Structure formats: structure tokens, C-alpha cells
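Asks: Sharing a model prediction with you, sequence too.
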Amino acid sequence: MGNALFQKARESVSMAEQAVTSGSNAQEAINVAKNALSSAFANSSTAEKEQLHALQDQLDGLEMK
């Protein structure tokens, strides 16, 4: 069984990407993803934290659009 918070963070970033692409509720989806990343980071292994940093970079890029 994997880290559920980590999985939720990945899913949330993916949903935020889709929202930005479709133009629907993008800011709300980004906020949800930020919260999920924050929660996951506090409860993750070192390897997961590296991946979460990459997801955060992805999310930061979405905010620039």
C-alpha cells in the first residue's frame, strides 16, 4: 500500500492541469492541489519528497498561465 496523501497530491496536480487546460475552476483546482502537496510533504519519504518537489514545480508553472 502506498502513501495515500502522496497519491492524492499527484491526482490533484493532474486535475489542476486539466482545469487550466479547460479553463474551468482553475484557481480552485490549483488551491486544492497546493493543499494536497502540503499535506503529502509532511508525511512522505525522502524519495516521495523529491517527486513532490517536481509536482510543485509543475503546479507553479500552471499558475503562470
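Replies: All right, it came through fine.

Asks: Can you tell me the centre-most residue of the protein?
Replies: Geometric centre of the chain, nearest residue: Val13, 3.4 Å, by Cα atoms, centre = their mean.

Asks: so what's Leu62 up against?
Replies: Ala16, Glu17, Val20, Ala26, Ile30 (Cβ atoms under 8 Å, 6 or more residues apart in numbering). From N, CA and C alone the C-beta is placed, and that goes for glycine too.

Asks: Which helix or strand contains it?
Replies: helix 46-64 (DSSP states H and E).

Asks: ok, back up a step: pretty sure the residue nearest to the centre of the chain is touching Asp60, no?
Replies: No: under the criterion of Cβ atoms under 8 Å, Val13 makes no contact with Asp60, lying 10.6 Å away.

Asks: List the contacts of Ser24.
Replies: Taking Cβ under 8 Å, 6+ apart, we find Ser24 in contact with no residue.

Asks: just to revisit the earlier point, so who does the residue nearest to the centre of the chain touch?
Replies: Counting by Cβ under 8 Å, 6+ apart, Val13 makes contact with Ala33, Ala36, Leu37, Leu55, Gln58, Leu59.

Asks: Of these, which is the most crowded?
Replies: Among those, Ala33 has the most neighbours (other Cβ atoms under 10 Å), with 26 neighbours.

Asks: Okay, and that one sits in which element?
Replies: Counting by DSSP H and E, Ala33 is part of helix 26-42.

Asks: For the spatially closest residue to Ala29 that is not a sequence neighbour, which three-state class applies?
Replies: Closest residue in space to Ala29, ignoring its immediate chain neighbours: Ala19 at 3.7 Å, by Cβ to Cβ, 6 or more residues apart in numbering. Classification of Ala19 by DSSP: H, G, I helix; E, B strand; the rest coil places it in helix.
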